[in-house]
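Visitor: Got a predicted structure plus its sequence, pasted below:
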Amino acid sequence: MSADRQGTAVNTVNGSLTINNTAPTATERPVEVGEGTDSRTRREFEEAFRRAGGEGRLGQPIALVAENDLGRIQYFTGTGDGSVLICALYGQKAVAVSEAVWDDVVSVPGHPFQGLQAVGFPLARTDYIPADATTVEVGGGEWGRGLVVRPEVRWEPRPRVVMEASQARQMPPVEVADLTVRAIALLPWDLDEDGFEITREIRRRLERALPRTKLSTMLPLLSSRRGGSVAALEWIRPTGFGVHQSGRAARYDSALTTRQGEVAARTSVRLILPAGRERIVRVFAEFQVNLETWQVALTPATGAADFRITATEIAELWQAAWEAAVVVVPGVFVDDPAAVPLMAPPMVELQVKSDDPREYGPGELLRLVTLTKVVDLSVFGTSADTLAQEGALTVVAPVGFDHESRRQLTVTALTRLARAWGYVDADESDLGLVR
């Protein structure tokens, strides 16, 4: 803690200030706007003061400009809207903010980061952020750009795509298949530990919800495009080696098989709840297909001989898997997943992966299954890299994203992966899904 000459205590660790509102004595010179910092910042504070309405709205300064790791702050007496401050994230414009708004930003929960360290400072998107503001754009914290939603004091991220995906690398698909397309939701919820258990009632809700998902319709849809007919498949609770069912884990599968029992295609959902101090709910929504077996299962099919999944269908599968992982499955725990307070940014990892499901005997050569053998990427043109076997990335976005927003981000994600695979001329318009 430090103190200025008028007794204002400044906590430079998390940016909060404890104000002594005692007016200066007759022998003390009044504090000026922007006083206590360099001349450039002072001019910026003076300009923010003027834009916000000057003394008529902000009143008089009651402390020198204080600093923390993120930026600078100066408090004012305020008028009808209560106490006010001017803040400026380093490198950003200064803005006047109601202290009520500032207090909400400081109180945003999180782990291991919280408050200003997590979400940063209010940003200058308007001349003044009043006490009744329902959303406040923030930035500069560990979580990146986002919004603080009021009055519930909930943070939402600004949508962005990150070209890495740690969970997809660590957690393999449910089985090995020619092609796996999946979405992995990482939901860092701020809930009591009592809320983290998969009870019989939770399973019943999940079993009722899964057949109604868009993901459930994808296999019949894709089969019909290839001349086949597949009725809605039953979701079952698998058991056996490698399947983990408990009060913290649940898995459900829906599979199309041949008459010999070989799996042609499978849709799977896994739910893994946190334990101990961890608070991240993980949901895996996957679509897998073995092309030759799928073709056998649909015989006699009248469609084209090319059973590969198209690039546009990858985007459609991602949209359906995203919805299941972020909206449908979490919805069996809470009424509104989007309204649950977050302890960190929510993320969805999107992955497409080719593999070889065959069992090899002694001396047999392994078969290299590249993406182009199972996915038709010709819509993006030609690529110099023909050996890519997978791609994965992370989308940081609000849990409550609507269908159209998910569509746009999946298109963006796949196009960026295509460029990484060597399709350097790939454009989002190639997929025909952008409106």
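Guide: Looks like it arrived, so ask away.
Visitor: Report the secondary structure state of Y252.
Guide: Judged by DSSP: H, G, I helix; E, B strand; the rest coil, the three-state class of Y252 is strand.
Visitor: how far away is it from D38?
Guide: Distance, Y252 to D38, using CB to CB, to the nearest Å: 60 Å. In this view, the C-beta of every residue, glycine as well, is placed from N, C-alpha and C.
Visitor: Tell me which of those two has more neighbours.
Guide: Neighbour count, other CB atoms under 10 Å: between Y252 and D38, Y252 has more, with 19 against 11.
Visitor: Next, the contact list for the more buried one, please.
Guide: For Y252, the contacting residues are L206, E207, L210, W235, I236, R237, P238, S268, V269, by CB atoms under 8 Å, 6 or more residues apart in numbering.
Visitor: quick one: which of those is nearest L70?
Guide: V269 (40.0 Å; CB to CB).
Visitor: now the stretch 1-150 of the chain, which segments are flagged as low pLDDT?
Guide: Low-confidence segments of the stretch 1-150 of the chain (pLDDT under 70): 1-28.
Visitor: Let's see that with 50 instead.
Guide: Residue ranges of the stretch 1-150 of the chain with pLDDT under 50: 1-27.
Visitor: Which residue ranges of the stretch 251-400 of the chain form helices?
Guide: Using DSSP state H, counting those that start in this stretch, the helices found in the stretch 251-400 of the chain span residues 291-298, 311-323, 371-374.
Visitor: er, the stretch 51-200 of the chain actually
Guide: Ranges of helices in the stretch 51-200 of the chain, per DSSP H, counting those that start in this stretch, are 55-58, 99-106, 115-119, 166-170, 200-209.
Visitor: For S354, find the nearest of these.
Guide: S354 lies closest, by CB to CB, to one member of the helices of the stretch 51-200 of the chain: helix 166-170, at 13.8 Å.
Visitor: Show me which helix runs longest in the protein.
Guide: helix 403-420 (DSSP state H).
Visitor: Go ahead and name everything in contact with that one.
Guide: With CB under 8 Å, 6+ apart as the criterion, helix 403-420 contacts 159, 161, 163, 311, 314-315, 318-319, 322-323, 350, 352, 377, 380, 391, 393, 395, 397, 401, 426-428, 430-431, 433-435.
Visitor: now do 6 Å
Guide: Helix 403-420 has contacts (CB atoms under 6 Å, 6 or more residues apart in numbering) with 161, 314-315, 318-319, 322, 350, 380, 391, 393, 395, 426, 428, 431, 433-434.
Visitor: Filter these down to the buried ones.
Guide: Buried members of these, counted by 16 or more other CB atoms under 10 Å: 161, 314-315, 318-319, 322, 350, 380, 391, 393, 395, 426, 428, 431, 433.
Visitor: wait, which of these is closest to V136?
Guide: Nearest to V136 among those, with distances taken as CB to CB, is V395, at 23.0 Å.
Visitor: can you put the contacts of Y252 in CSV and add neighbour count, distance to F333 and pLDDT?
Guide: Formatted as CSV, these follow (neighbours: other CB atoms under 10 Å; distance: CB to CB, whole Å; pLDDT from 0 to 100):
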residue, neighbour count, distance to F333, pLDDT
L206, 21, 10, 95
E207, 15, 14, 96
L210, 22, 14, 96
W235, 20, 18, 97
I236, 12, 22, 96
R237, 13, 18, 96
P238, 14, 21, 94
S268, 22, 19, 97
V269, 27, 14, 97
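Visitor: So which of these is the closest to A94?
Guide: Comparing the contacts of Y252 against A94 with CB to CB picks out V269 as the nearest, at 48.0 Å.
Visitor: So what sits opposite that closest one in the bridge?
Guide: Y252, A285 (DSSP bridges).
Visitor: mind checking the end-to-end distance for stretch 224-231?
Guide: For stretch 224-231, the first-to-last residue distance is 10 Å (CA to CA, to the nearest Å).
Visitor: Buried residues in that stretch, which are they?
Guide: For stretch 224-231, a neighbour-count test (16+ other CB under 10 Å) marks R226, G228, V230 as buried.
Visitor: for the helix or strand that S216 is a member of, the distance to its chain's centre please.
Guide: Using DSSP states H and E, S216 sits in helix 214-225. Offset of helix 214-225 from its chain centre (CA atoms, centre = their mean, to the nearest Å): 26 Å.
Visitor: Run the angle between that helix and helix 311-323 for me.
Guide: Orientation note: helix 214-225 sits at an angle of 160 degrees relative to helix 311-323 (axes from the mean of the first three to the mean of the last three CA atoms, to 10 degrees).
Visitor: State the mean pLDDT of helix 214-225.
Guide: On average, the pLDDT along helix 214-225 is 94.
Visitor: between it and helix 291-298, how many degrees?
Guide: Helix 214-225 and helix 291-298 meet at an angle of 80 degrees, taking the same axes, to 10 degrees as the criterion.
Visitor: What is helix 214-225 packed up against?
Guide: helix 311-323 (3 or more CB pairs under 6 Å, 6 or more residues apart in numbering; DSSP states H and E).
Visitor: Return the helix it packs on as CSV; C-alpha atoms alone will do.
Guide: Taking C-alpha atoms only, helix 311-323 is exported to CSV below (Å, rounded to 0.1, in the frame of the first residue of the first chain):
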residue,chain,number,x,y,z
ALA,A,311,-15.0,-29.6,-46.4
THR,A,312,-18.4,-28.1,-46.1
GLU,A,313,-19.6,-31.1,-44.2
ILE,A,314,-16.7,-30.8,-41.8
ALA,A,315,-17.9,-27.3,-41.0
GLU,A,316,-21.5,-28.6,-40.6
LEU,A,317,-20.3,-31.4,-38.3
TRP,A,318,-18.4,-28.9,-36.2
GLN,A,319,-21.4,-26.7,-35.8
ALA,A,320,-23.5,-29.7,-34.6
ALA,A,321,-20.8,-31.0,-32.3
TRP,A,322,-20.3,-27.5,-30.8
GLU,A,323,-24.0,-27.1,-30.1
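Visitor: I appreciate the help and will end here.
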